[in-house]
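# attaching a predicted model along with its sequence, questions to come.
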Amino acid sequence: MSFDMEVILDSVVHLTEHRQLDSLTASLISTVRQFIAPIDVQILDTSLSDDGREEVILPEHLLNDAGGLKQSLACFTHCVSMRQIYCCRDTIPAQVAIPIILNNCIVKVLWVKITYLSDQNINLLNGFAKVYENFLGIVIECETDVLTGLLNRKAFEARLKLASETSHKNTELDSQRLSYWLCIFDIDKFKSINDTFGHLYGDEILLDLVTVMRNVFSENDEMFRFGGDEFVLLIAPDTKQRVRAKCERFCNELCEFHDDNIQVTLSMGMTEILPGEQASGLLEKADQALYYVKENGRNRIEIFEELVSQQLISLKKFEDDIEIF
Ligand SMILES: Nc1nc2c(ncn2[C@@H]2O[C@H](COP(=O)(O)OP(=O)(O)OP(=O)(O)O)[C@@H](O)[C@H]2O)c(=O)[nH]1
């Protein structure tokens, strides 16, 4: 089969229109489907093993499928770890896997199962994988905070939208309900830390905070730096009590992290993410709880909904948002 150059260029244009990881990945999959009509195509994720090696996360069905990866797993693993294309054409269907590499790390693997795998198909797949790889680098760079390596504000909205869409309408009592949570926090009197110890020391404090945060929160909790000393957490579904306990542990561990003459304390506002709530309203709620903490002594955590029920702050500002849902 030969391919029309114009159609290929169109696909590259389409692939590079995307500015978000999920849509970029979906676009690569649909491009591969369009051009080589595979039986299956997947973009596999990778994780780091305890000894620092990249491991491809293989879904069960890929391993156990008839003609699946199980028989040739050693060869697949070897090729990918050597950053080479894995190609198995002896079997029907054939399989090909192309590692996607960023900063010398394997971050994803394009895996395709196809009835007949020609050289032309391999070249085309490799070309699309390279376009995806280059663009993935740009997308990740755009969504990453330079100092801390956390996600930045730009990455936040899409992730919050996903959380509020997948958050289930549940009727359990407060104490048993598993919800996503949004937390905003900033360092107390960070300006005076900068003024006393210098800006570079202030940067070290920000990096220490991220180290402690990564230790306390799980991979499912997403962490963002909005700018300056302001951070946001999108915490995966859990009860209010457990989320509060986790946030308190974070604040305590950060406080104990510096055994010198400096004590870093945080003020934090939290709010529950209910289905369909909009980013602006949620941010305002968490921000209002944070503001309350700042105005009332700093160095603690407050939950917006609790402040409202205790009539310490007013819900009025959000009535419009709530009526929509
Ligand atoms: N070291 C360092 N400082 C930064 C950075 N970005 C912003 N800042 C400083 O962070 C400080 C933030 O101060 P504010 O949040 O306004 O106030 P604060 O002193 O933390 O006081 P409260 O928030 O009211 O407790 C300012 O002095 C900024 O100049 C950065 O990347 N590194």
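Here it is on my side, so go on.
# is Asn152 in a bridge, and if so with what?
Arg225 (DSSP bridges).
# Glu230 versus that one, what's the distance?
From Asn152 across to Glu230, the span is 11 Å (C-beta to C-beta, to the nearest Å). In this view, the C-beta of every residue, glycine as well, is placed from N, C-alpha and C.
# ok, now Thr115?
Remark: distance between Thr115 and Glu230 (C-beta to C-beta) = 53 Å.
# before we move on, what about Tyr291?
12 Å.
# just the pLDDT for Leu173.
pLDDT recorded at Leu173 is 62.
# again, but for Gly68
69.
# do the same with Met1
Value listed for Met1 in the pLDDT field: 52.
# for the residue in the stretch 1-150 of the chain that the ligand sits nearest to, give me its contacts.
Distances between the stretch 1-150 of the chain and the ligand by C-beta to the nearest ligand atom are smallest at Leu147, namely 5.6 Å. Residues in contact with Leu147, defined by C-beta atoms under 8 Å, 6 or more residues apart in numbering, are 203, 206-207, 225.
# what's near enough to touch the residue most central in space within the chain?
Note on the chain: the residue nearest the mean C-alpha position is Glu222, at 5.7 Å, using C-alpha atoms, centre = their mean. Counting by C-beta under 8 Å, 6+ apart, Glu222 makes contact with 151, 159, 233-234.
# can you tell me how far it sits from the ligand?
20 Å (C-beta to the nearest ligand atom, to the nearest Å).
# need phi/psi at that residue.
For Glu222, the backbone dihedrals (degrees, to the nearest 10) come out as phi -100, psi 140.
# for Ile193, which non-adjacent residue is closest in space?
Nearest non-adjacent residue to Ile193, counting by C-beta to C-beta, 6 or more residues apart in numbering: Gly202, 5.6 Å away.
# buried residues of the strand or helix carrying the one you found, list them for me.
When elements are assigned from DSSP states H and E, Gly202 belongs to helix 199-216. Of all the residues in helix 199-216, those buried under the rule 16 or more other C-beta atoms under 10 Å are 202, 205-206, 209-210, 212-213, 216.
# against Lys285, how distant is Asn299?
21 Å.
# counting neighbours, go ahead and name the busier of those two.
Lys285 (28 against 16; other C-beta atoms under 10 Å).
# what packs against whichever strand or helix holds the more buried one?
Taking DSSP H and E as the definition, one finds Lys285 inside helix 279-295. Counting contacts by 3 or more C-beta pairs under 8 Å, 6 or more residues apart in numbering; DSSP states H and E, helix 279-295 packs against helix 153-166, strand 179-187, strand 266-273, strand 301-303, helix 304-309, helix 319-324.
# ok, which residues in the stretch 51-200 of the chain are in contact with the ligand?
The stretch 51-200 of the chain comes close to the ligand at residues 147, 186-192, 194, 199, as judged by C-beta under 6 Å from any ligand atom.
# who wins for neighbours among those?
Most surrounded of these: other C-beta under 10 Å gives Ile187, at 21 neighbours.
# that one pairs with what?
Beta-bridge partners for Ile187, by DSSP bridges, are Leu266.
# and the gap between the residue in the chain positioned nearest to the ligand and Ser267?
Nearest to the ligand, among the residues of the chain, is Gly202, at 2.6 Å (C-beta to the nearest ligand atom). Between Gly202 and Ser267 the distance is 17 Å, computed by C-beta to C-beta.
# buried ones in stretch 50-69, by neighbour count?
Buried, per 16+ other C-beta under 10 Å, within stretch 50-69: 54, 56, 58, 62, 68-69.
# can you tell me the SS state at the residue of the stretch 1-150 of the chain closest to the ligand?
What DSSP: H, G, I helix; E, B strand; the rest coil gives for Leu147 is coil.
# again with Thr46
strand.
# contacts only, for the spatially closest residue to Ala289 that is not a sequence neighbour.
Distances taken as C-beta to C-beta, 6+ apart place Gly269 nearest to Ala289, at 3.0 Å, with adjacent residues excluded. Gly269 makes contact with 183-185, 285-293, 301-304, according to C-beta under 8 Å, 6+ apart.
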